[in-house]
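Novice: Sequence and predicted structure are below.
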Amino acid sequence: MTPVLDVRALSKGFTMHHLGRNLGAFENVSFSVRPGEFLLLKGRNGAGKSTLLRTIYRSYLADAGQILFASDHGEIDLARAADVDVATLRQNEIGFVTQFLRPRPRVTAEALVAEPLRRAGVATGEALAEARHWLGTFGVKRDLWAAYPTTFSGGEQQKVNLAGALILPKKLQLLDEPTASLDTSARGALVRRLAELKAAGTAMIGVFHHAADVAELIDTELDLSPGAAPQEERDDVAV
Amino acid sequence: MTIALDAPRIVRTQPILQATGVSKSYGPVQALSDVSAEVYPGEVLGIVGESGSGKSTFLRCLNLEETPDRGAYTLDLPDVQGNLFELDRYARRMLCATRIGIVYQNPHQGLLMKHSSSGNVAERLLVAGERRFAVLREKAREALDASEFPLDRMDAPPVELSGGMQQRVQLAKAIALEPALLLLDEPTTGLDVSVQALVLDTLKRLQQERRITMIIVSHDLGVIRTLSDRVMVMRQGRVVEQGLADQIFQDPQHAYTQQLVHAKL
């Protein structure tokens, strides 16, 4: 099967002008991900796991290498794609789940979760119904659906965040520690949703502090620690 | 060193706005040096920079209030052709009234403070040729409502209104003719934080519901981040860097942008 994402010799560092130096994040990283494959990024703190996710999503600009993505519009190198092309891909094909919700003043939880559907052209009523379904699935109390998440606790905000981020299936889903600050039942709901998306063909690349949370989903692992072996298949489930 | 970006391949539509090589000096002061920008339909471009960076001058050029010394400006709209900087005064006025809306930081610049709020909005429609009183009133009412202005006050003059309300009247006037382009010059600067949040929310809602193409100028990074898809950073009349909003804030490349982003509270 042709990969959804083919990363070749990717390097990233940060030029800190006020320090007058360049901080390397990762160098010469290569791997690929097929449809429905779940790749776990490993390595100690500072190995560049989150940085790699953000470079693929283009929140960070790459220094060298290629990030070849098999989009609906043909293959495109995310390391070089125009900003407007990346913005379009983010709406329809590439998702990024972080640990943090960015609530906006005066926007209700259900409206926030429904937003990706609204942007995709789904009618308001239908989008809200779907949003409420996912808020319920992730365990957000019914009373809170029409409330403003700016006032929610960290855990509740994260459930709203997940409901919105995973409402539309994407071709490639990036996951940056989405299980942090989740209770057991919400974690269960997340793993079920990810399994469902994976079965439907979404490729996933994830960073998890406790990889045991998603052990059943992992197909391959990539260790970003300097000197580690390249990407390896795994068929055991132990973590 | 980062990789240079390609031209758009997936987005096949033309930019709705293209400004190239815009330069302007006031005597010895070079306010704009070779500034270029492109905005795609439905996009929000944020322009940040400190006072004196040229960001407001650039916006005034795009609103055809200011004529640059050099540069070209095109809008990809039916019946709009050529370099807009070369239009005569009458053509400029018509184009601005019918296709471009603007909200200024200072409501005195955009409104007649002693005329009624509904009259201020209707004036825009009058310039565009509408003469039927009932239509004028209804359209003004609709625009004020969309800007979340309390309609029981639509006949009050802006001078009697709060700062947040005055900005809503400006916004209503700007969107009354459903412009192809909405320009916002520090639209929330000087407002209380809570009022600022409400005005920002209105702008965001209008953008999402109507897909209005916007350019917003602000020195407030929070405002820019909330509204913009892409961000352009200006300093001393030049563009120092541009990119996707999250990239500019998370991985700024230029020394000046790094300083700006790190100075944010």
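Specialist: Ah, there it is.

Novice: What's the first helix or strand after the longest helix belonging to chain A?
Specialist: Across chain A, the helix with the greatest residue count (assigned by DSSP state H) is helix A:184-199. Proceeding C-terminally, helix A:184-199 gives way to strand A:203-207 as the next helix or strand, assigned by DSSP states H and E.

Novice: Could you check the angle that following strand makes with helix A:184-199?
Specialist: What separates the directions of strand A:203-207 and helix A:184-199 is an angle of 140 degrees, with axes from the mean of the first three to the mean of the last three C-alpha atoms, to 10 degrees.

Novice: and the residue most central in space within chain A, helix, strand or coil?
Specialist: Nearest to the mean C-alpha position of chain A, by C-alpha atoms, centre = their mean, lies A:Leu174 at 2.3 Å. Judged by DSSP: H, G, I helix; E, B strand; the rest coil, the three-state class of A:Leu174 is strand.

Novice: Distance check, it against A:Thr51.
Specialist: Spatial separation of A:Leu174 from A:Thr51 under the definition C-beta to C-beta, to the nearest Å is 12 Å. Heads up, the C-betas are built off the backbone N, CA and C, glycines and all.

Novice: sorry, back to before: for the residue nearest to the centre of chain A, name its beta-bridge partners.
Specialist: Beta-bridge pairing of A:Leu174 under DSSP bridges involves A:Phe96, A:Ile205.

Novice: tell me the contacts of it?
Specialist: By C-beta atoms under 8 Å, 6 or more residues apart in numbering or on different chains, the contact set of A:Leu174 is A:53, A:56-57, A:94-97, A:204-206.

Novice: What is the burial count for the residue lying closest to A:Gly43 once chain neighbours are set aside?
Specialist: Nearest residue to A:Gly43 in three dimensions, chain neighbours excluded: A:Leu224, at 3.7 Å (C-beta to C-beta, 6 or more residues apart in numbering or on different chains). As a burial measure, the neighbour count of A:Leu224 was computed by other C-beta atoms under 10 Å in any protein chain shown and equals 20.

Novice: residues making contact with the longest helix of chain A?
Specialist: When contacts are taken as C-beta under 8 Å, 6+ apart, the neighbours of helix A:184-199 outside the stretch itself are A:36, A:38, A:137-139, A:155, A:158-159, A:162, A:166, A:169-170, A:173, A:175, A:178-179, A:182, A:204, A:213-214, A:216-217.

Novice: In helices, which of those appear?
Specialist: Using DSSP H, the subset of the contacts of helix A:184-199 located in helices is A:137, A:155, A:158-159, A:162.

Novice: Nearest to B:Tyr26 among these?
Specialist: If you rank the ones in helices among the contacts of helix A:184-199 by distance to B:Tyr26 using C-beta to C-beta, A:Gln158 comes first, at 51.5 Å.

Novice: Return the distance of the longest helix of chain A from the chain's centre.
Specialist: With C-alpha atoms, centre = their mean, to the nearest Å as the basis, helix A:184-199 stands 14 Å off its chain's centre.

Novice: before we move on, the earlier item: give the buried subset of the contacts of A:Leu174 as a ChimeraX selection command.
Specialist: Buried residues within the contacts of A:Leu174, by 16 or more other C-beta atoms under 10 Å in any protein chain shown, are selected in ChimeraX with:
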select /A:53,56,57,94,95,96,97,204,205,206
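
Novice: Columns neighbour count, pLDDT and distance to A:Ala189 on top of the ones in helices among the contacts of helix A:184-199, output as CSV?
Specialist: Compiled in CSV, the ones in helices among the contacts of helix A:184-199 are given as follows (neighbours: other C-beta atoms under 10 Å in any protein chain shown; pLDDT from 0 to 100; distance: C-beta to C-beta, whole Å):
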residue, neighbour count, pLDDT, distance to A:Ala189
A:Thr137, 17, 95, 5
A:Gly155, 14, 89, 13
A:Gln158, 26, 93, 12
A:Lys159, 30, 94, 8
A:Leu162, 27, 94, 8
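
Novice: quick one: A:Glu221 from A:Leu135, how far?
Specialist: 32 Å.

Novice: Looking at those two, which is more packed in?
Specialist: The residue with the greater number of neighbours, taking A:Glu221 and A:Leu135 and applying other C-beta under 10 Å, is A:Leu135; the counts read 25 against 19.

Novice: residues contacting that one?
Specialist: Under the criterion of C-beta under 8 Å, 6+ apart, the contact list for A:Leu135 reads A:109-110, A:113, A:144-145, A:159-160, A:163.

Novice: ok, the residue nearest to A:Ile56 when sequence neighbours are not counted - contacts?
Specialist: Counting by C-beta to C-beta, 6+ apart, A:Ile56 lies nearest to A:Ile67, which is 5.7 Å off, once chain neighbours are set aside. With contact set as C-beta under 8 Å, 6+ apart, A:Ile67 has these partners: A:5, A:7, A:10, A:55-56, A:77-79.

Novice: And what about A:Ile67, helix, strand or coil?
Specialist: Looking at A:Ile67 with three-state DSSP, the answer is strand.

Novice: Could you list the buried residues of stretch B:236-248?
Specialist: B:237, B:239-248.

Novice: Okay, and which of those residues map to helices?
Specialist: Using DSSP H, the subset of these located in helices is B:245-248.

Novice: filter the residues you listed by proximity to chain A?
Specialist: Intersecting those with the contacts of chain A gives B:246-247 (criterion: C-beta under 8 Å from any C-beta of the partner chain).

Novice: what about B:Glu123, how many neighbours?
Specialist: Counted with other C-beta under 10 Å, B:Glu123 comes out at 18.

Novice: Not counting sequence-adjacent ones, nearest residue to A:Trp134?
Specialist: Counting by C-beta to C-beta, 6+ apart, A:Trp134 lies nearest to A:Ala163, which is 3.9 Å off, once chain neighbours are set aside.

Novice: And for that neighbour, the neighbour number?
Specialist: Other residues within reach of A:Ala163 by the criterion other C-beta under 10 Å amount to 29.

Novice: Also A:Arg106?
Specialist: Taking other C-beta under 10 Å as the criterion, the count of residues near A:Arg106 is 16.

Novice: got the buried residues for the lowest-mean-pLDDT helix or strand in chain B?
Specialist: Comparing helices and strands within chain B by mean pLDDT, DSSP states H and E singles out helix B:193-210 as the least confident, with a mean of 84. The neighbour-count criterion (16+ other C-beta under 10 Å) identifies B:195-207 as the buried residues of helix B:193-210.

Novice: can it be found next to chain A?
Specialist: Yes - legend: contact between helix B:193-210 and chain A by C-beta under 8 Å from any C-beta is shown at B:197-198, B:200-201, B:204, B:208.

Novice: pLDDT below threshold where in the chain?
Specialist: No chain specified, so I'll use chain A. Filtered on pLDDT under 70, chain A yields the residue ranges A:228-239.

Novice: my bad, chain B
Specialist: Across chain B, the stretches falling below the confidence threshold (pLDDT under 70) are B:1, B:264-265.

Novice: Try it again at 50.
Specialist: In the predicted model, chain B carries no residue with pLDDT under 50.
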